[in-house]
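Undergrad: Dropping the sequence and predicted coords here.
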Amino acid sequence: MSLNGIWELKKIALRNLARHKVKTVLTSAAIMISVAVYIFMSSWLGGMAVESRRNIVNYDMSAAKLQTKLYFERKDELPSYENFKNWERYRDALNREGFNAAPRFVFNGTLFSNSGSAPMRFNAVDPAAEKSVLHYASYVDFGRYPQNGMFELAIGTTAAEKLRVGIPTRPRRLELEELIRQAAQSDTPNEEFIRSLYETANMSGGLFNVAAETHIAGNERMALKRNVSRGDLDRLWELIAATDRNNVRINAVIDIKAVPETIRPTLWEGELMTSLREEDKELVEAAYTYEEFIGVYLLTEEDEARKDQILSAMIRAGFRGAVRHVNQLVDAVVVGVINSPDPVPNGNIGYIPIDVLQDESGMMLEGAVTELLIRRKDAPYTELPGADESSKAIAAALERGLGEPLPDYLAVFFWMDYMKDYLGYEALQTTAPQVLAALLLFISFLGISNTILLAVLERTKEIGMMRALGMTDRQMITAYMLEAGFLGFIGSVLGMILGCIVNYPMVEYGLNISAMADSLGNSGVGFRVTAIMRSVWNIPVIFGSGITATVLASFMAYFPTRRAVKMPITDSLRFE
């Protein structure tokens, strides 16, 4: 078919669109809405995914971690016995190569307050170094961040609410009155000051409340006013800190690796020998002798290097006898409550200075850390780590700074290595709504097919006339496909414009979901976001959806038109 012929068919298609204005407008509107919804959903979900990843890097993980390989293999268990010392040389080497590094010792435990207890993950940190790689310390809602040399804790808002530590944000009236009694110490101005910061909470439910609570007369739910100044919050914190409300106790277990001096036969045969690698069995068997008199396997190996090899073999095998557990109690005081854009630091997390945990009064760390958090010094806050912060790039920089290869038991792990489970969940979260939006788009194309079918039926006699005048079946099909294509093009262009208009405020300003996050206990909304939902400009999706909609609209006209041209010309002319 020549270009001139296609041009003439194009005129016929446009004329048909102009003749049936109502159908043209309605069908184009359906396509416009479908394309706009798809563009908005894709851009919004893409923005949530990007914001979540930024939050993971900026508030929880940093770009990469230096850890032992065995720690990474068992990272879900937080095996604190898999630690390393002399971390300062690695920090200094990274610093020379343009990276910041922050030491951490991570351990599990239980935090007790005067009002309850909660399971916690504790991060022992160097406060100054921590602030060089992560930004959550800037989001201390109440109080301040811990300082070196002090048994001080900063905890997440969720833990603070559970333990009734710090400034209560939604207390019952009787709880608030008890707090006033303790903090004000019968000082009337202080009593009035504290009461002035609270108001009766809205208990009606709604968009940002998960469920309305039962009203209890005389013990209503109160809420801290949202417009309270920072100065008033600091004053309230000082009054509360003067009581014992913020005094807490950490109950943790210290895991110590050591080659066991004795092993019972049941453990030797039933656990150790069955879990060791074949190449390690001979090493372990040569180090122990069975003593019939006491009925145990006794360690006879004295060489320290061989003992280290035996210990590594047992740890690899997951032998529980190679790790001793020692209970430890540490008294501390909560000096700050964290409410960051990432829900993880806001949860059951505690941050304590690492220097106070070195001896028997702490966790007996003796200079050990479980990880070094790493970030490039000039890394943009708004961008995700690139190739220059990959595990390979950091490992190479580390070896350059050291002037020697990294020890075999250590490795650098990129943040995505740690977050594979979350990234899989994130892909599910973003795919499901996009599938629904695509389904909406497909339904609109079924409407186009129906519109074309009705148009063909209405114009059956006209089609017969045009075929009688010499128009071929191919030309008829092309004309109607062009007509449908123009419908798709008009709707797509309008949909792209509408989608961009709707998306613009979400890109520039976002949507504040902090109230919703508070009602959900700062657990996020399926993504690692608790403050601002933002969208992004997904250019491939914007133009791709428009092109796809146009092509699909044209294709949907093929089958009804093909069916119509199969009717004999004489029958078409007699069709009523």
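TA: That came through, no problem.

Undergrad: count of residues packed around residue 144?
TA: The number of residues packed near residue 144 is 13, by other Cβ atoms under 10 Å. No exception for glycine: its C-beta is placed from N, CA and C like everyone else's.

Undergrad: Now do it against residue 337, distance only.
TA: Remark: distance between residue 144 and residue 337 (Cβ to Cβ, to the nearest Å) = 10 Å.

Undergrad: Spit out the residues that contact the two alike.
TA: residue 154 (Cβ atoms under 8 Å, 6 or more residues apart in numbering).

Undergrad: Please parse the chain into its domains.
TA: 3-57+422-574, 173-245, 253-324 (automatic domain parsing).

Undergrad: Let me know which of those domains is tucked in deepest.
TA: domain 3-57+422-574 (a mean of 18; mean count of other Cβ atoms under 10 Å).

Undergrad: before we move on, the earlier item: could I get the domains of the chain as a markdown table with mean pLDDT and distance to residue 63?
TA: Below are the domains of the chain laid out as a markdown table (pLDDT from 0 to 100; distance: least, Cβ to Cβ, whole Å):
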| stretch | mean pLDDT | distance to residue 63 |
| --- | --- | --- |
| domain 3-57+422-574 | 75 | 6 |
| domain 173-245 | 82 | 32 |
| domain 253-324 | 88 | 28 |
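
Undergrad: Contact partners for residue 235?
TA: Residue 235 neighbours (Cβ under 8 Å, 6+ apart): residue 193.

Undergrad: can you tell me the helix or strand for it?
TA: helix 230-241 (DSSP states H and E).

Undergrad: any residues touching the next helix or strand after that helix, and which ones?
TA: Following helix 230-241 in sequence order, the next helix or strand is strand 247-257 (DSSP H and E). Residues from elsewhere that reach strand 247-257, judged by Cβ under 8 Å, 6+ apart: 79-81, 107-114, 120, 122, 153, 163, 165, 311, 315, 322-334, 350, 352, 363-364.

Undergrad: On the pLDDT front, check residue 123 for me.
TA: Note on residue 123: pLDDT of 96.

Undergrad: Please determine how far residue 98 is located from residue 62.
TA: Distance from residue 98 to residue 62, by Cβ to Cβ: 15 Å.

Undergrad: Give me the more crowded residue out of the two.
TA: residue 62 (27 against 13).

Undergrad: Averaged pLDDT, the helix or strand hosting residue 351. What do you get?
TA: Assessed by DSSP H and E, residue 351 sits inside strand 349-353. Averaging pLDDT along strand 349-353 yields 96.

Undergrad: Give me the helices and strands touching that strand, please.
TA: Using 3 or more Cβ pairs under 8 Å, 6 or more residues apart in numbering; DSSP states H and E, the elements in contact with strand 349-353 are strand 117-125, strand 152-156, strand 323-338.

Undergrad: Could I get the CA-only coordinates of that strand as CSV?
TA: Extracted C-alpha coordinates of strand 349-353, given in CSV (Å, rounded to 0.1, in the frame of the first residue of the first chain):
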residue,chain,number,x,y,z
ILE,A,349,16.7,-0.7,68.7
GLY,A,350,19.1,0.7,71.2
TYR,A,351,22.3,2.7,70.6
ILE,A,352,25.0,2.8,73.4
PRO,A,353,28.6,4.1,73.3
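
Undergrad: quick one: contacts of that strand?
TA: Against strand 349-353 from outside (Cβ under 8 Å, 6+ apart): 111, 120-127, 130, 145-156, 159, 250, 332, 338.

Undergrad: what about 6 Å?
TA: Residues outside strand 349-353 that contact it (Cβ atoms under 6 Å, 6 or more residues apart in numbering): 120, 121, 122, 123, 124, 125, 146, 148, 153, 154, 155, 156.
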